[in-house]
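*Asks:* below is the sequence, then the predicted model.
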Amino acid sequence: MKTSTEAEFRAFMVSRWPRMLRTAHLLTGHHQDAEDLVQAALAKAYVKWERVRRTDDPDAYVWRIMINTNADRLRRMKVREWLTTRFPEPAAPDRNEAFAERSALLDALARLPAKQRAVVVLRYLEDRSESEVARLLGTGVGTVRSHTARALKKLREQVVTSEVVTSEAATSEAATSEAATPGADRATRGGQRP
């Protein structure tokens, strides 16, 4: 290619690069793929530059090269890659924790007196109003409120007690595992080995 023709192509490339890159990014969805696409399209245009510059609209010609190159790229891809910042599927929730919470809730409800349990179930699990609960239980709204307050207090106490028990169990388990580890006590006495 002649020096003047090469300088003309270079000027064309420099002036069109930002717009081509923006279009390529919209076509590919990724900045790196967009740069590769623009470079490939401009390389093809460079080889055919004599023909490109003689057309009525060199921009349209080069954009068509870029679009066709992208179509070829997609056809060649057997496995599509999608660069994302997140995993393709959300992490599955830990069913064991949900089961343990449900089991603890059922145990706590079972420890409540029958009227208090009924009030909690109807008010919070079935989402009924105080007046509906009072009508269903054949009591007054004030009685429903007092049963609710007493039941919630007992449930809170049970939750706190179970958290303390769980915390104490974890602490004793850690202490047991340290004691079971040979040499653990020596490490605390200066790290002397026999």
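*Replies:* Okay, I see it.

*Asks:* just the element for residue 14, please.
*Replies:* helix 3-28 (DSSP states H and E).

*Asks:* list the buried residues in that helix.
*Replies:* Buried residues in helix 3-28, defined by neighbour count with 16 or more other C-beta atoms under 10 Å: 9, 12-13, 16, 20-21, 23-25, 27-28. Where you see a C-beta, it was placed from the backbone N, CA and C, and this is true even at glycine.

*Asks:* how about stretch 131-146?
*Replies:* 133-134, 143-144.

*Asks:* before we move on, what about stretch 106-113?
*Replies:* By neighbour count on 16+ other C-beta under 10 Å, the buried set for stretch 106-113 is 108-109, 112.

*Asks:* secondary structure, pLDDT and distance to residue 49 added to those, as CSV?
*Replies:* Conversion of the buried residues of stretch 106-113 to CSV gives the following (DSSP: H, G, I helix; E, B strand; the rest coil; pLDDT from 0 to 100; distance: C-beta to C-beta, whole Å):
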residue, secondary structure, pLDDT, distance to residue 49
108, helix, 84, 79
109, helix, 82, 80
112, coil, 85, 85
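
*Asks:* can you list these in TSV and add distance to residue 60?
*Replies:* Formatted as TSV, the buried residues of stretch 106-113 follow (distance: C-beta to C-beta, whole Å):
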residue	distance to residue 60
108	73
109	73
112	77
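
*Asks:* re earlier: which ones among the buried residues of stretch 131-146 are found in helices?
*Replies:* Counting by DSSP state H, the buried residues of stretch 131-146 place 133-134, 143-144 in helices.
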